[in-house]
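Trainee: The following block contains a protein sequence and its predicted model.
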Amino acid sequence: MRLVITFFVFFNLFAQTIPKKSILFLIAPKDFRDEEFSIPYETLKKLDYKIIIASYDTLMATGMLGMKVKPDKRIKDIDTNAFQALVVVGGSGARVFFDDTTIHKIVRHFSKKKILAAICISPLTLLRAGVLKGKKATVWKDEKLIAEFKKRGAKYQPVDVVRDGNILTASGPSAAKRFASELAQMLKE
C-alpha cells in the first residue's frame, strides 16, 4: 500500500512539472485579420495551450474588423526556444513582416524542428525567409503573390489549407477554422 501511495505522489509531482506547450502568435500592430487571429487562438486556448502574442511593441494592436489585442511581448524580446509553434497571423498589416530580417530569423528557427504556421498573406513572409522553397504551400489568392510563390520555388497549391511536414499554410479568413483544426492536430503529434 505504501508503495502505491509513494508512486501516486511521485507521479502527481512529475505530472505537475511537465511544461505546458507554448505557442507564439505573431500579429501586425495594425490591420491583422481578426478571425485569422481569434479562431486559432480560441481553438488552442480551449485545448489548454499557453499562447503568447508578440508584435513590434506591446501597445494595443487593431484588427482589420476592429478587434483589439494587447500583445504580451515585443518581437525583439522573444526567446524562440520557449515555444513549440509559431503562428503568423495574416491580414493586410502582415505586409510589415515580408522583408523583416528579424522575423525571417525567427521563421527559420521554427522551420527546423518546430511547428510553423501562416495564414492569408503571411505565407509570403515564410517564402521570403527561404523556408518554402520546394515545399507545398498556399497563400491568399492574389495573382502577384501566387506568381512570387512559383518564382521562388514554392509548390503553390490552389486549396485552402496545406501541410508539408511541420509547415502549415492557409489561404485566408474562410480557411481559419480548418487551419486551427489542422494546427491543433499537429500539436498533438
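Mentor: Structure's in. What do you need?
Trainee: what comes into contact with the helix or strand harbouring residue 144?
Mentor: Residue 144 is part of helix 143-151 when elements are defined by DSSP states H and E. For helix 143-151, the external contacting residues (CB atoms under 8 Å, 6 or more residues apart in numbering) are 121, 123-124, 127, 132, 137, 139, 156. For glycine as for every other residue, the C-beta is placed from the backbone atoms N, C-alpha and C.
Trainee: Next: stretch 171-183.
Mentor: Under CB under 8 Å, 6+ apart, the answer for stretch 171-183 is 33, 35-36, 39-40, 43-44, 85, 87, 90, 115, 117, 119-120, 138-141, 159-161, 163, 168, 170.
Trainee: ok, now stretch 122-139?
Mentor: For stretch 122-139, the external contacting residues (CB under 8 Å, 6+ apart) are 88-90, 94, 97-100, 103-105, 107-108, 111, 116, 118, 120-121, 145-146, 148-149, 152-162, 164-165, 167, 169-171.
Trainee: and if you look at stretch 105-113?
Mentor: Here stretch 105-113 has contacts from 26, 75, 78, 80, 83, 85-86, 88, 116, 125-126, 129-131, 166-167, using CB under 8 Å, 6+ apart.
Trainee: got it, and stretch 44-51?
Mentor: So stretch 44-51 is contacted by 20-25, 41, 180, 183-184, 187 (CB under 8 Å, 6+ apart).
Trainee: What residues sit buried inside it?
Mentor: Across stretch 44-51, burial judged by 16 or more other CB atoms under 10 Å covers 44, 49, 51.
Trainee: Centroid-nearest residue for the protein?
Mentor: residue 87 (0.8 Å; CA atoms, centre = their mean).
Trainee: now that residue: how far from residue 183?
Mentor: Look at residue 87 and residue 183: by CB to CB, to the nearest Å, they are 7 Å apart.
Trainee: now do residue 169
Mentor: 11 Å.
Trainee: The two: which has the busier surroundings?
Mentor: Shown here are residue 169 and residue 183; by other CB atoms under 10 Å, residue 169 has more neighbours (33 against 24).
Trainee: OK, contacts around the more buried one?
Mentor: For residue 169, the contact set (CB under 8 Å, 6+ apart) comprises 117-119, 123, 126, 132, 137-139, 161-162.
Trainee: Just the closest of those to residue 70, please.
Mentor: Taking CB to CB as the measure, residue 70 lies nearest residue 119 of the contacts of residue 169, at 20.8 Å.
Trainee: That closest one against residue 91, yeah?
Mentor: No - using CB atoms under 8 Å, residue 119 is not in contact with residue 91, being 9.0 Å away.
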